[in-house]
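Asks: Model the structure of this input:
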Amino acid sequence: MRKFVVNVNGTSYEVEVEELDAAASSKRPAQEPKKATATASSNAGGTKITSPMPGTILDVKVSNGQRVKNGQLVMILEAMKMENEIFATKDGVVTSVNVTKGASVNAGDVLMTIG
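Replies: Residues are numbered from 1 along each chain as shown. Below is the predicted model:
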C-alpha cells in the first residue's frame, strides 16, 4: 500500500492505493469493498474525526464525556443512499460531538473530537 494526498477543490484527502503487477491482478480473488472511513487529525485539542464524504448523519452513537475504544462505531453517515459507518480512530474520551442526527455534512467537516 502506498499513501497519497489528493487535493479536490481545495480539500485534501489522504488515500491508500495498492500496487498490483499484471500477473498478481489476474490471479487475485475478489474482495469485499472496504467501508468508508473517516479521516482523523491530531492536534493539541485531541483527535478530530472528519466526514469522509458529503451526506446526512443518520445516527450518533456517542455523547460528550463517553469513553470510546479504537474501532468502535460512533456514527452512521448516509451518502448516495448508502449507510457508512464511522468508527473511533483511537481509545479516549469524546471531548466534543459537533453534529446531530439529521445534520447535513460536507467532506472534511469535523464530526467529533476524541481526547
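
Asks: Determine the number of other residues adjacent to Gly55.
Replies: Residues within reach of Gly55, counting by other CB atoms under 10 Å, total 23. C-beta: built from backbone N, CA, C; applies to glycine.

Asks: That one reaches Met75, doesn't it?
Replies: No: the criterion here is CB atoms under 8 Å, and Gly55 misses it with Met75 at 10.4 Å.

Asks: any weak-confidence spans in this structure?
Replies: Within the chain, the stretches with pLDDT under 70 are 1, 21-44.

Asks: now the strands: where do they sit in it?
Replies: Using DSSP state E, the strands of the chain run over 2-8, 11-17, 39-43, 46-50, 55-60, 67-68, 73-79, 82-87, 92-97, 104-105, 110-114.

Asks: residues touching Ala88, list them.
Replies: 49, 62, 68-72, 74, 114 (CB atoms under 8 Å, 6 or more residues apart in numbering).

Asks: Same list (these) but as TSV, adding neighbour count.
Replies: Shown next, in TSV, are those (neighbours: other CB atoms under 10 Å):
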residue	neighbour count
Ile49	27
Val62	18
Val68	21
Lys69	10
Asn70	11
Gly71	11
Gln72	14
Val74	23
Ile114	24
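
Asks: Is Lys48 in contact with Thr113, as I believe?
Replies: Yes: the criterion here is CB under 8 Å, and Lys48 meets it with Thr113 at 5.2 Å.

Asks: and Glu19, how many neighbours?
Replies: 8.

Asks: How about it, nearest residue that isn't a chain neighbour?
Replies: Leaving out its chain neighbours, the residue that sits closest to Glu19 by CB to CB, 6 or more residues apart in numbering is Arg2, at 6.4 Å.
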